[in-house]
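A.B. asks: Here's a sequence, model it:
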Amino acid sequence: MTDELRVAPGGALRGEIDVPGDKSISHRAVMFGALAEGKTRIERFLPGQDCLSTIDCFRRLGIVIEQLSPTDVVVQGKGLRGLTEPSDILDVGNSGTTLRLMAGILAGQPFFSVLTGDSSIRRRPMGRVTAPLTAMGAVIRGRDGGRLAPIAIDGAASALKPLTYSSPVASAQVKSALLLAGLYTEGETAVREPYASRDHTERMLTAFGAKLQVAQEPEGAYCATITGFPDLRGQVITVPGDISSAAFFLVAATIVPGSAVLLRHVGMNPTRDGVIEVLQAMGAKIRSENERMEAGEPVADLYVESASLRGTVVSGGQIPRLIDEIPILAVAALFAEGRTEFRDAAELRVKETDRIATVAAELRKFGACVEEREDGMIIEGGRPLQGATVESHGDHRIAMAMAVAALQAAGETVIHGASCMDVSFPGFARYLASLRS
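C.D. replies: Numbers count the residues shown, from 1 in each chain. Purely as a prediction, here's the structure:
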C-alpha cells in the first residue's frame, strides 16, 4: 500500500471477512518447524513483514522453506542440531518476536551468530532476555552491556545449563526465549510469571512433541517447565485468525452506528481474549459462534453489532491478555460514556514505539481528552472528534487504530506512514473498504 491513507466518515460497516493468520503463531510455526525432524506445513500463514523476517533468518541458518503461496508454507526441519552457522548478520527487521525468541534458540547452537534489526528494534530492551540467558551460560555481547541490539551470541563458547527463573513481568517473548534455550539443556528449565502471558509456545511445542508442564500458582502466578533435548516432529499447523487484527474490526463495528460484521476463524486463546472481555464489559455486542479447536488452539467466528459503550478500568492480570490491543481499546474509550483508565501497562513504553505517548499524542489531534500516565492512560469519552492529520510513528497498531478512530471523526483524516500496517495486517485498508461498500 502507499505510505498515506485517507479515511473519511461514512455509512455502517456490514459484511464478513476472514481475519489474517495470527502473527505470534505464524512466527512460532516456522521456528519450531525448523527445529523439528521432517516436514512442517503451515496453512493460513501470515505473510506480513515480521513473519517474512523470521523465514529469511531461518533460511540463512540453512533451513529450506518453500512458500507454495503467500499463506501456505512448507518448512523442511533438520532437528534441534540441524541449524548451520550463518555467513552474515541475521536481520529481524521490525520483529521483536523474531529477535527475542531467536536469541533463545541461537544461545544453544554450537556456532557464532549476530542479530540486528531496524532502528526501532535497536532501541528495544534486550536485557530482560539476555540476562537470564547469560545465567544459563550463554555468551552474549551487545550494545549497552548486551541490553540493546545488535547482539552477538557465541553458542560454541559454553554449554547451557537449566535455570529456574522468576520473570518480573508477564512476557511471552521472555518466557518463550528461555523455554527455547531450555531445549538445549540437560534437565528442566522453568519460567515463572506474575500472570500468565500468551501460551502459544507451550501449546505448539507440546504438539511438536516437547515434554512441557504448566502450573497455575497462588495469586495468579504461572509457571512453565520444559525438559531438554526432546524429539520434535514436523506437523501440519493451521494458523487461526489473529485476535489482535480482529480487534480493529470489533471496535470499528461497535462504534459505527448500524454496523454488523462477522469475523471468521478468529483465535480465541484464553491468554489472548482479554480484548473481548473488556469490550463486552463496556457494553459491546459480540457473540461467539461455531467454536472449535484447530492445531491445539481454540477458534470461533465472532459476530459484532454496533452498541453504546461505557467507561471501564483495565488493569492488573488483564493487561498481559490484551497488551497489543490497548491502542484500539483506547479508540473504543473515546466513544464510551464516562472515563476509561488503563493501568499497569508500562510494558507499552517498550513496544515498536512508546505506545502510551504515541497513542495519547495522536488521539489528541482528533480533539480527544487523553491524560498520559507513567503506566497507562485516562480517557474521557463522549467528545466529538474532528478529522486530523496523524502519524503512525512506524507502528502498525498505531496506524490501524487511527484509521478506526477516523471512521467517526468529522471530516477526512490523513494517516502518514500507513504502509507499516503490512507488518501485521497486509491489506488492512482493503478489508476496511470491503465492509463499507
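A.B. asks: buried set for stretch 87-96?
C.D. replies: For stretch 87-96, a neighbour-count test (16 or more other C-beta atoms under 10 Å) marks 90-96 as buried. The C-beta positions use only the backbone N, C-alpha and C, and glycine is treated the same way.
A.B. asks: cool, stretch 329-338 as well?
C.D. replies: 329-336.
A.B. asks: Can you show me the CA trace of it as PDB?
C.D. replies: Provided in PDB are the C-alpha atoms of stretch 329-338 (Å, rounded to 0.1, in the frame of the first residue of the first chain):
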ATOM      1  CA  LEU A 329      -9.200  -0.100  23.100                       C
ATOM      2  CA  ALA A 330      -8.200   3.500  23.600                       C
ATOM      3  CA  VAL A 331     -10.100   4.300  20.500                       C
ATOM      4  CA  ALA A 332     -13.200   2.500  21.900                       C
ATOM      5  CA  ALA A 333     -12.800   4.600  25.000                       C
ATOM      6  CA  LEU A 334     -13.300   7.800  23.000                       C
ATOM      7  CA  PHE A 335     -16.800   6.700  22.300                       C
ATOM      8  CA  ALA A 336     -17.700   5.400  25.700                       C
ATOM      9  CA  GLU A 337     -19.800   7.300  28.200                       C
ATOM     10  CA  GLY A 338     -17.600   8.400  31.100                       C
END
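A.B. asks: And for it, what's in contact with it?
C.D. replies: Where contact means C-beta atoms under 8 Å, 6 or more residues apart in numbering, the residues beyond stretch 329-338 that reach it are 247, 251, 254-255, 275, 278-279, 282-284, 308-312, 314, 322, 340, 342, 359, 363, 366, 368, 370, 377, 379-383, 385, 401, 404-405, 408.
A.B. asks: how about a cut-off of 6 Å?
C.D. replies: Around stretch 329-338, the neighbours that count as contacts under C-beta atoms under 6 Å, 6 or more residues apart in numbering are 251, 255, 282, 309-311, 340, 359, 368, 379, 381-382, 401, 404-405.
A.B. asks: Pick the one among those closest to A131.
C.D. replies: V359 (28.9 Å; C-beta to C-beta).
A.B. asks: The residue nearest to E380 when sequence neighbours are not counted: neighbour count?
C.D. replies: Excluding the flanking residues, the one nearest E380 by C-beta to C-beta, 6 or more residues apart in numbering is C369, at 4.0 Å. Residues near C369, counting by other C-beta atoms under 10 Å, number 14.
A.B. asks: Might one say that C369 is in contact with G381?
C.D. replies: No. Using C-beta atoms under 6 Å, C369 is not in contact with G381, being 8.4 Å away.
A.B. asks: Show the contacting residues for R287.
C.D. replies: R287 sits next to Y303 when contact means C-beta under 6 Å, 6+ apart.
A.B. asks: domain parsing for the chain?
C.D. replies: As given by automatic domain parsing, the domain ranges for the chain are 4-21+240-436, 23-238.
A.B. asks: Could I get the ones you listed in a markdown table, plus columns for mean pLDDT?
C.D. replies: Listed next are the domains of the chain as a markdown table, based on pLDDT from 0 to 100:
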| stretch | mean pLDDT |
| --- | --- |
| domain 4-21+240-436 | 96 |
| domain 23-238 | 96 |
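A.B. asks: quick one: the helices in the stretch 151-300 of the chain?
C.D. replies: Assigned by DSSP state H, counting those that start in this stretch, the stretch 151-300 of the chain shows helices spanning 172-182, 200-208, 243-255, 274-281.
A.B. asks: Nearest approach to R355 belongs to which of those?
C.D. replies: Ranking the helices of the stretch 151-300 of the chain by distance to R355, with C-beta to C-beta as the measure, places helix 243-255 first at 13.0 Å.
A.B. asks: what are the C-alpha coordinates of that closest one, in CSV please?
C.D. replies: Provided in CSV are the C-alpha atoms of helix 243-255 (Å, rounded to 0.1, in the frame of the first residue of the first chain):
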residue,chain,number,x,y,z
ILE,A,243,-7.4,-11.7,17.5
SER,A,244,-5.2,-8.7,17.6
SER,A,245,-6.1,-8.0,14.0
ALA,A,246,-9.8,-8.8,14.6
ALA,A,247,-9.8,-6.3,17.4
PHE,A,248,-9.7,-3.3,15.0
PHE,A,249,-12.9,-4.5,13.3
LEU,A,250,-14.6,-5.4,16.6
VAL,A,251,-14.1,-1.8,17.7
ALA,A,252,-15.0,-0.3,14.3
ALA,A,253,-18.3,-2.2,14.0
THR,A,254,-19.1,-1.3,17.7
ILE,A,255,-18.6,2.5,17.3
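A.B. asks: Tell me how far that helix lies from the chain's centre.
C.D. replies: Mean-position distance between helix 243-255 and its chain equals 16 Å (C-alpha atoms, centre = their mean, to the nearest Å).
A.B. asks: just checking, what packs against it?
C.D. replies: strand 260-267, helix 326-334, helix 396-406 (3 or more C-beta pairs under 6 Å, 6 or more residues apart in numbering; DSSP states H and E).
A.B. asks: Run the chain-centre distance for the last one.
C.D. replies: Taking the mean of its C-alpha atoms, helix 396-406 sits 16 Å from the chain's own mean (C-alpha atoms, centre = their mean).
A.B. asks: That one versus helix 243-255: what angle between them?
C.D. replies: Angle, helix 396-406 to helix 243-255, by axes from the mean of the first three to the mean of the last three C-alpha atoms, to 10 degrees: 10 degrees.
A.B. asks: Which elements pack onto helix 396-406?
C.D. replies: Packing partners of helix 396-406 (3+ C-beta pairs under 6 Å, 6+ apart): helix 243-255, helix 326-334, strand 413-416.
A.B. asks: And for stretch 364-371, what's in contact with it?
C.D. replies: Stretch 364-371 is contacted by residues 334, 360, 363, 377-380, 383, 385-386, 388, 390, 405, 409 when judged by C-beta under 6 Å, 6+ apart.
A.B. asks: Can I have the buried ones of those as a ChimeraX selection?
C.D. replies: Buried residues among those (16+ other C-beta under 10 Å), as a ChimeraX selection:
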select :334,360,363,377,378,379,380,385,388,390,405,409
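A.B. asks: Output the contacts of stretch 364-371 as TSV; include the columns distance to A196 and secondary structure.
C.D. replies: Formatted as TSV, those follow (distance: C-beta to C-beta, whole Å; DSSP: H, G, I helix; E, B strand; the rest coil):
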residue	distance to A196	secondary structure
L334	30	helix
A360	28	helix
L363	30	helix
M377	24	strand
I378	27	strand
I379	27	strand
E380	32	strand
R383	36	coil
L385	36	coil
Q386	41	strand
A388	38	coil
V390	34	strand
A405	31	helix
A409	37	coil
